[in-house]
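[1] Below are the sequence and a predicted model; questions follow.
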Amino acid sequence: MLVLITFFDIYGRKVKVLVLFLRTVKLSRRPYLLALAAVAFVVTLLLTPVTGWAGGGGNSNFQAGDCSCHGAVSSAVVSMTASKTILAPGEQVVVTVTVTGGEAENNPLGVMIVSKLSGGNTMPTDYGWVIVSDTWSTQYNYNEITAYKGSAEFVWTLEAPEKPGVYSLYARMENSAKGVAYYKDYSAGMAFTVQDGSSSNDASTFLSILTPVNGTTLSGSVTIDATVAASEAVDITSANLEIDGSVVDSTNGSSYTWTVDTSDLQDGEHKIKVTAITTSGETVSKEVDVTVINQAALIAPIQQFELTLADIGFLTVVGFIFAIGIMELRRKNRWH
């Protein structure tokens, strides 16, 4: 039933136009036009961006892949910040996602926070996070506004997992404008370190690369953000940024943030490394592996085509029409 609803919601108008066209030209007497019409509709489907319902889904808990109709990459800018990134088990942190620009005006726009952007079990709660509150004082990972005005902010208060380790959070924006369903990911993600609470003079305990998260795919200009939470026993004097073993920048300040243009790198796998240097001369490093894909990123904003159940249903209808046309042509000995 859901498949039928989705099919008629997305392609109902196209099917009506097709039926009207069939009746108008009486294609039962012109089978070659029937086949031509089927081909034309397939081409139209392939050239038309994936569309979706502009009504939104309301505040709820969603997995990253629950709505596959959002297939066009938005021009909106999605950013993500946190009140802290080094946490004790069960400690609360405020995560803020900001959306600016994009295509939709006065339409619903929603944002979800997830622990990964694909696959199953993507919700933060699947990895031990507790959603204390969200933008609307409820406890959902997906929040929505009814009329986007070009800028919006979404805020969650989360409770850190009880198990020590490194955890990642990402953000995904979804909206629709003029019949086109858009999405935009904060694909760099943010890394959170949950410590076991034991005291340590080891500087590696206090160094963390917040973004990008290990294993992410990057394109265009990206921000590399690290944090060094030095203690009284460990004082950090400087930090170096390395890409594939070469130092590309360094800083002596308290802010460890760099902007890198990935178009200067070849598409493929790269290693990003941040090395902190203490007053005693000790060096401590953290690194992440990322994949740079800029060539595909040039194509994606034009059209990111992904077959949904509705797409398959529509193609099936067109396929039946095409087959009927061929059989009719053969029956009348007009097919050579």
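    Right, received. Where do you want to start?
[2] could you point out where the protein is predicted with low confidence?
    1-57, 197-206, 228-234, 253-254, 296-314, 325, 328-329, 332-336 (pLDDT under 70).
[3] Outline the domain layout of it.
    2-50+305-331, 54-189, 199-304 (automatic domain parsing).
[4] who are the neighbours in contact with G58?
    Residues near G58 by Cβ atoms under 8 Å, 6 or more residues apart in numbering: E144. All C-beta spots, glycine's among them, are computed from the backbone N, C-alpha and C.
[5] Which other helices and strands does whichever helix or strand T193 is part of contact?
    In the assignment (DSSP states H and E), T193 maps to strand 180-194. When contacts are defined as 3 or more Cβ pairs under 8 Å, 6 or more residues apart in numbering; DSSP states H and E, strand 180-194 sits against strand 72-73, strand 77-82, strand 86-87, strand 92-100, strand 165-177, strand 207-211, strand 217-218.
[6] and whatever helix or strand comes next after the fourth one, which strands flank it?
    So that's strand 92-100. Following strand 92-100 in sequence order, the next helix or strand is strand 109-114 (DSSP H and E). Within its sheet, strand 109-114 is paired with strand 142-145 (antiparallel), strand 165-177 (antiparallel), according to DSSP bridges.
[7] sec struct for A323, please.
    helix (DSSP: H, G, I helix; E, B strand; the rest coil).
[8] how deep is R330 tucked in, by neighbour count?
    12 (other Cβ atoms under 10 Å).
[9] which element is it on?
    If you go by DSSP H and E, R330 is part of helix 309-331.
[10] hey, where'd the strands end up in the stretch 201-336 of the chain?
    207-211, 217-218, 221-228, 236-243, 246-251, 256-261, 268-278, 283-292 (DSSP state E, counting those that start in this stretch).
[11] most tightly surrounded among the ones you listed?
    Compared across the strands of the stretch 201-336 of the chain, strand 207-211 shows the largest average neighbour count, a mean of 23 (mean count of other Cβ atoms under 10 Å).
[12] Show me what it is packed up against.
    Counting by 3+ Cβ pairs under 8 Å, 6+ apart, the packing neighbours recorded for strand 207-211 are strand 180-194, strand 221-228, strand 268-278, strand 283-292.
[13] got the angle between the last one and strand 207-211?
    Right, the one you point to is strand 283-292. Angle of strand 283-292 versus strand 207-211, following axes from the mean of the first three to the mean of the last three Cα atoms, to 10 degrees, is 20 degrees.
[14] What lies in contact with strand 283-292?
    Here strand 283-292 makes contact (Cβ under 8 Å, 6+ apart) with 202-204, 207-209, 212-219, 226, 262, 265-278.
[15] Just give the strands next to that strand in its sheet, each with its orientation.
    strand 217-218 (parallel), strand 268-278 (antiparallel).
[16] Which residues does the first one contact?
    With contacts defined as Cβ under 8 Å, 6+ apart, strand 217-218 is touched by S187, A188, P212, T262, V290, T291, V292, I293.
[17] One more: stretch 269-281?
    Stretch 269-281 is contacted from outside by 203, 207, 209, 212, 224, 226, 228, 234-245, 256, 283-292, using Cβ under 8 Å, 6+ apart.
[18] swap the cut-off to 6 Å and go again
    203, 207, 209, 226, 228, 234-244, 283-292 (Cβ atoms under 6 Å, 6 or more residues apart in numbering).
[19] picking that back up, for the domains of the chain, which one ends up most surrounded?
    Most buried of these, by mean neighbour count (mean count of other Cβ under 10 Å): domain 54-189, with a mean of 18.
[20] ok, back up a step: just put the strands of the stretch 201-336 of the chain in TSV and tack on distance to I113.
    Shown next, in TSV, are the strands of the stretch 201-336 of the chain (distance: least, Cβ to Cβ, whole Å):
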stretch	distance to I113
strand 207-211	14
strand 217-218	19
strand 221-228	17
strand 236-243	27
strand 246-251	29
strand 256-261	21
strand 268-278	23
strand 283-292	20
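[21] what's the closest of those to C67?
    Nearest to C67 among the strands of the stretch 201-336 of the chain is strand 217-218; the distance by Cβ to Cβ comes to 20.6 Å.
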